[in-house]
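# could you work out the structure for the sequence below:
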Amino acid sequence: MQPLTQKILVVGGNGFIGKSSLPSWVRTTNPTANRFRSLQSRPSTRSIRHGLKWLPHTTGSSSGGPYRTPKGHTPAWVTKVGVVIQLFHYPYPCFQVEWRKADALLPETYSDILPKVGAVVHTLGTLLEDGRYKSALQRGDVIGLIGAIAGGGRDPLDTAAQGRTYEVMNRDAALRVCEAFKSSKPGPEVTHVRPFIYISAEDIFRPLIPARYIETKREAEQRIKKLLRDNPNHREVFIRPSLVYHAHHRPLTSPLAALIDLSATIHASVPEGLPTPSSLLRAVGQAFPSSRGSPLSSPLNSIANALSIPPIHVEHVAEAVCVALNPTKDVRGVVGVKEMRELIGWSEKVQEPRLGRT
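Predicted structure coming up:
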């Protein structure tokens, strides 16, 4: 297999998916002379400066500085030189991470990078418009999380919330980056079809989470597909994880993931033809469709998905993205949890990382 040596721009480098995936992408196994680059940006009251990252790759975020833990520490992998990502016994040379300040909504802040990159991984997004939910998840603050959800998803006292809407965070930012990526002329070092990998989501959170969350994700997918249609130099990949968990970065997700995993296991063990809670919900949902004008099915279908689709550890999402980046695999279109497991060789793995451990 050809080594993955091109630079990759990661948008949303300091977000949950971005910061949790980088250790997997930059795991040390063999030294190389390559370098890794990353971008970041800090939210402002007028606009959200959406992070970009390079990994032989580039990453981007709003602060312009490297990722730090909640206690203010910078992990060793952030500045590690000479690393290799290894999947299925195949080495993927990676670069040192470089952090750069950029705004995903303003292509001029990162357009000079795009000709040099062989792929873009867009991890930017928000589950709620009220940004307090992220800190609540990190702290394990159940009351704070319930407050963010009960508040309708937006903090009325947050002056920066205007730039943190579902439309901006989940759709518009991805479209601006994709348009700029498509328009850029690749340099001589880029010799393969360049993927644009968008981290989307399975429809599992309604009606607990506003429907606009998944609607804007689907709108982004449709428009990205339209942008890259009939373009032989690019390919679109839509990664659709279910509940993504991590014991340390988001401790509240671990017990919920355990319950969902149990439900999904029970559903999978039921003989074909016998009714299950999820199948009954889908049957009832057909009689009660979603609101007029919405492209989504009934919220009951979303609940059925939550009961039957297993959760996925953030490191496995990262591994699936690595495989999708590989030019020889030519991964395209929607990649759900089942497809992600196939990409990372699920049958060869002993088990999912234990809940409560990394």
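# which of the three states applies to Arg100?
Three-state call for Arg100 (DSSP: H, G, I helix; E, B strand; the rest coil): strand.
# and it, how many neighbours does it have?
A count of nearby residues for Arg100, using other CB atoms under 10 Å, gives 24. No exception for glycine: its C-beta is placed from N, CA and C like everyone else's.
# doesn't Gly13 make contact with it?
No: under the criterion of CB atoms under 8 Å, Arg100 is not in contact with Gly13, lying 9.2 Å apart.
# residues contacting the residue nearest to Met169 when sequence neighbours are not counted?
With CB to CB, 6 or more residues apart in numbering as the criterion, Met169 has its nearest non-adjacent residue at 4.3 Å, and that residue is Thr126. Counting by CB atoms under 8 Å, 6 or more residues apart in numbering, Thr126 makes contact with 164, 166, 169-170, 213.
# and if you look at Val335?
237-240, 320, 324, 343.
# where along this protein do the helices fall?
For the chain, the helices identified by DSSP state H occupy 16-25, 132-139, 142-150, 166, 173-183, 211-228, 253-269, 277-287, 299-308, 314-325, 337-343, in order along the chain.
# give me the residue ranges of the stretch 101-250 of the chain where confidence is low.
Low-confidence segments of the stretch 101-250 of the chain, defined by pLDDT under 70, span residues 152-163.
# how much space between Pro232 and Arg139?
Pro232 sits at a distance of 47 Å from Arg139 (criterion: CB to CB, to the nearest Å).
# go on, Val237?
For Val237 relative to Arg139 (CB to CB), the value is 33 Å.
# ok, the two, which is more surrounded?
Val237 (23 against 14).
# so the more buried one bridges to which residues?
Beta-bridge partners recorded for Val237 (DSSP bridges): Ile197, Gly333.
# picking up where we left off before, including distance to Ser200, could the helices of the chain go into CSV?
Supplementary listing: these in CSV, determined by distance: least, CB to CB, whole Å:
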stretch, distance to Ser200
helix 16-25, 11
helix 132-139, 18
helix 142-150, 21
helix 166, 13
helix 173-183, 9
helix 211-228, 5
helix 253-269, 18
helix 277-287, 21
helix 299-308, 14
helix 314-325, 11
helix 337-343, 12
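# of these, which is nearest Lys116?
Shortest separation from Lys116 across those is recorded for helix 173-183, at 11.6 Å, computed as CB to CB.
# show me what counts as buried in that closest one.
Buried positions in helix 173-183, judged by neighbour count with 16 or more other CB atoms under 10 Å: 173-178, 180-182.
# by neighbours, which of the contacts of Thr126 wins?
Neighbour count (other CB under 10 Å) singles out Asn170 as the most crowded of those, with 27 neighbours.
# ok, it touching Glu221?
No: with contact defined as CB under 8 Å, Asn170 does not count as touching Glu221 (10.3 Å).
# any shared contact partners between these two?
Applying CB under 8 Å, 6+ apart, one finds that no residue jointly contacts Asn170 and Glu221.
# what sits against Glu221?
Remark: with contacts taken as CB under 8 Å, 6+ apart, Glu221 is in contact with 198, 200, 238, 334.
# sorry, back to before: quick check, nearest of the contacts of Thr126 to Leu227?
Leu227 has its nearest neighbour among those in Asn170, at 16.0 Å by CB to CB.
# just give the nearest non-adjacent residue to the closest one, would you?
If you skip the residues right next to it in sequence, Asn170 has Thr216 as its closest partner in space, 3.9 Å away by CB to CB, 6+ apart.
# what's around the one you found, how many residues?
Thr216 has 23 neighbouring residues, counting by other CB under 10 Å.
# got it, and Gly273?
Going by other CB under 10 Å, the residues that sit close to Gly273 add up to 6.
# please report phi then psi for it.
Torsion angles at Gly273 (phi, psi; degrees, to the nearest 10) stand at phi 100, psi -20.
# measure it to Ser279 for me?
10 Å.
# please apply the same query to Thr191.
Distance check for Thr191 against Ser279: by CB to CB, it reads 48 Å.
# out of those two, which sits in the more crowded spot?
The residue with more neighbours, out of Thr191 and Ser279 and counting by other CB under 10 Å, is Ser279; that gives 16 against 10.
# ok, the residue lying closest to that one once chain neighbours are set aside - contacts?
Setting aside the residues directly before and after it, Ser279 is nearest to Ala304 in space (CB to CB, 6+ apart), at 7.4 Å. When the contact criterion is CB under 8 Å, 6+ apart, the partners of Ala304 are 277-279, 281-282, 285.
# what's the answer for Asp172, then?
For Asp172, the contacting residues are Leu105, by CB under 8 Å, 6+ apart.
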